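> no FASTA, just this:
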């Protein structure tokens, strides 16, 4: 006999239920965005608030159902904690000192990450790449700091609005690293020191084309090492089963060939 816990779990894991939750998340994110429009709030504010409350009720019921269906296993999944925290923030009354939490309702859109398996794999891969990215961030910070000290010493008097002090130089170099207006900055400095292009080209090559591409390499490597999707896992399992069947067929063919060679050899050995 199927228990109530198993029935609730089957409903939660059904494809239609998962798609319905994703649809509610997308709809709620859209209505929260519509609330930023004074025009829409004047004409449909009540409807938008009603949709928001209904969506929050759906999320709360879903979390409660998952807690009932999985019991202790619910707390073993970090994505369940993620969803619970987001829904709990939405349940806090948005009045008085907690009024800032009203703006955080849009965080409910992040539930799309936990609801869509492909997004979960991407986030998991990014989190697994954090240790490698931390080393690259340290290298990048060191490079910007060294370049900032050099730029302050060399260009502080020429262009004080950009390089008069170390904090301003660091901000300017970060801006240059993103490719924002670096040509005008370099041109202004080169009017006084024509050789300054060497500094800017070397800095851009090291910070943008080397360090930032290392970020991409680490993330791509983490994505390759991430666990396959259910469809990919099924395909790999089917391929493994086909390989086993082919190996069994080859073994039988080898046995038949050996038996045939043995019969042939016995026939040749018999003088009659």
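In hand now; what should we look at? Remember, predicted model here, so these are calculated numbers, not experimental data.

> measure how buried the closest residue to residue 181 other than its chain neighbours is and give me the count.
If the residues on either side of it in the chain are set aside, residue 181 comes closest to residue 175, at 6.8 Å by CB to CB, 6 or more residues apart in numbering. Quick note: C-beta positions are derived from backbone N, CA and C, even for glycine. Counted with other CB atoms under 10 Å, residues neighbouring residue 175 total 14.

> Three-state assignment for residue 175, please.
At residue 175 the chain is in helix, as set by DSSP: H, G, I helix; E, B strand; the rest coil.

> surely it meets residue 183?
No: using CB atoms under 8 Å, residue 175 is not in contact with residue 183; the gap is 11.9 Å.

> where do the helices sit along the stretch 1-150 of the chain?
Ranges of helices within the stretch 1-150 of the chain are 4-13, 15-34, 38-70, 72-76, 78-91, 111-115, 117-128, 130-155, based on DSSP state H, counting those that start in this stretch.

> now distance to residue 220, mean neighbour count and mean pLDDT too, for the ones you listed, in TSV please.
Output for the helices of the stretch 1-150 of the chain, formatted as TSV (distance: least, CB to CB, whole Å; neighbours: other CB atoms under 10 Å; pLDDT from 0 to 100):
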stretch	distance to residue 220	mean neighbour count	mean pLDDT
helix 4-13	32	13	83
helix 15-34	27	15	88
helix 38-70	33	14	88
helix 72-76	30	11	86
helix 78-91	24	15	83
helix 111-115	20	18	78
helix 117-128	9	14	79
helix 130-155	11	16	87
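
> out of the ones you listed, nearest to residue 248?
Nearest to residue 248 among the helices of the stretch 1-150 of the chain is helix 117-128; the distance by CB to CB comes to 33.8 Å.

> give me the helices and strands touching the closest one, please.
The helices and strands touching helix 117-128, judged by 3 or more CB pairs under 8 Å, 6 or more residues apart in numbering; DSSP states H and E, are helix 111-115, helix 213-225.

> that helix vs helix 213-225, what angle?
Helix 117-128 runs at 130 degrees relative to helix 213-225, counting by axes from the mean of the first three to the mean of the last three CA atoms, to 10 degrees.

> when you give positions from now on, start the count at 19
Taking 19 as the first residue, the last one we looked at is helix 135-146.
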